[in-house]
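In: What follows is a predicted protein model with its sequence.
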Amino acid sequence: QGVLVPGLGTFAVVHEQINSTEEVYVVRRPVFQLDMDMSCLRELVFPTVMIPGDIVIVPLDYWWLSQTNSLPPDVVRGCVEETILLYSFQLRDRQRPAFAFENIGILSCQDNVLCMQFHCSCIAGLESQDTWVALLLT
């Protein structure tokens, strides 16, 4: 299942098969498909990530988020929307702040390349059997 964060992009987990000379590995790894206003991204390069069509994409669950921090869902939605709007304005103004997602990773821009760097703990939490293969792929 994937999660769409409106105005920013989609987080998902994909299964990837890797053939080695000795065995076949099938690992689960996180991906992020950027979906921002292109006017924010001029002069920036970002990797093209395609989420397979068989993965169900659901919208960000503001009610669930509100339960984790005791704020009403409409306040959480407003905070998320304003944060993404601020981030897009900063990118448009050629500022390059990092956007941290707790327990997931960091969306950062280095040398005009905007990319998602997942935390090792996030990858290891998804793939317990072949963690090193998933880490190398991600």
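Out: Noted; the coordinates are in hand. Just so we're clear, the structure is a prediction, and the values are computed from it rather than from any experiment.
In: Distance of the nearest residue to Phe99 once chain neighbours are set aside relative to Ile123?
Out: Of all residues not flanking Phe99 in the chain, Leu107 sits nearest, at 4.1 Å (CB to CB, 6 or more residues apart in numbering). For the C-beta atoms, the positions are set from N, CA and C on the backbone; glycine is no exception. From Leu107 across to Ile123, the span is 16 Å (CB to CB, to the nearest Å).
In: how deep is Ser108 tucked in, by neighbour count?
Out: As a burial measure, Ser108 scores 15 neighbours (other CB atoms under 10 Å).
In: Phi, psi for it please.
Out: phi -140, psi 160 (degrees, to the nearest 10).
In: measure it to Pro47 for me?
Out: 13 Å.
In: Give the intersection of the neighbour lists for those two.
Out: Cys115 (CB atoms under 8 Å, 6 or more residues apart in numbering).
In: sorry, back to before: quickly run through the sheet partners of the helix or strand where the residue nearest to Phe99 lies, with directions.
Out: Assigned by DSSP states H and E, Leu107 belongs to strand 105-110. Strand pairing for strand 105-110, determined by DSSP bridges: strand 99-101 (antiparallel), strand 113-118 (antiparallel).
In: Flag the helix or strand of the chain with the lowest per-element mean pLDDT.
Out: Every helix and strand in the chain was compared by mean pLDDT, DSSP states H and E; the lowest is helix 131-137, with a mean of 57.
In: Brilliant, that's me finished.
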